[in-house]
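**Student:** next comes the sequence, and after it the predicted model I'd like to discuss.
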Amino acid sequence: MKKEEFNTTKSLNELKTGEEGTIVSYNDNGEMKLKRHLLGMGFVKGAKIKLEKVAPLGDPIKLKIKGYSISLRKNEAKNIEVGVN
C-alpha cells in the first residue's frame, strides 16, 4: 500500500469514531519495541483498521483489526499512519 493510493493520510490517533482506514506506514520516531509488538498483533502495512470507540476522557482508543478489538493509547497510535478514502 502506498500513500498515493488514498485521498488522505493521517495518524491513527486522528481517526474519528467509526472511521476506517488502511495502515500505510510507521513513523520513525516511535519506539522499536512497541513497533515489533504491534506488528506481532497484526498491525502490518495493508491491514484494514477501524476506530470503534474513544474512552470518555479521550484515551485510550478501541480499534478493530483483523477481526478482533484492541485498545491503544493515543501516544502509541500517533506513530501509525493510516490511509483513508
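**Tutor:** Alright, I've got the coordinates. Numbering: from 1, shown residues only.
**Student:** what about stretch 20-35, average pLDDT?
**Tutor:** The pLDDT scores in stretch 20-35 average 84.
**Student:** after the lowest-mean-pLDDT helix or strand in the chain, which helix or strand is next?
**Tutor:** The weakest-scoring helix or strand in the chain, judged by mean pLDDT, DSSP states H and E, is helix 32-40 (a mean of 85). Using DSSP states H and E, the helix or strand that follows helix 32-40 in sequence is strand 48-54.
**Student:** in that following strand, which residues are buried?
**Tutor:** The neighbour-count check on strand 48-54 (16 or more other Cβ atoms under 10 Å) flags 49, 51, 54 as buried. C-beta here means a position set from N, CA and C on the backbone, and glycine is covered the same way.
**Student:** just put these in CSV and tack on pLDDT.
**Tutor:** Listed next are the buried residues of strand 48-54 as CSV, based on pLDDT from 0 to 100:
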residue, pLDDT
Ile49, 94
Leu51, 95
Val54, 94
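**Student:** distance of the one residue sitting closest to the centre of the chain relative to Glu81?
**Tutor:** The C-alpha lying nearest the average C-alpha coordinate of the chain belongs to Leu12 (Cα atoms, centre = their mean; 3.8 Å). Distance of Leu12 to Glu81, given as Cβ to Cβ, to the nearest Å: 7 Å.
**Student:** where do the contact lists of the two overlap?
**Tutor:** Counting by Cβ atoms under 8 Å, 6 or more residues apart in numbering, the residues touching both Leu12 and Glu81 are Ile23.
**Student:** residue boundaries of the strands in this protein?
**Tutor:** Using DSSP state E, the strands of the chain run over residues 8-11, 20-26, 48-54, 61-65, 68-72, 80-84.
**Student:** so which bits of the least confident helix or strand of the chain are buried?
**Tutor:** By 16+ other Cβ under 10 Å, the buried positions in helix 32-40 come out as 34-35, 38.
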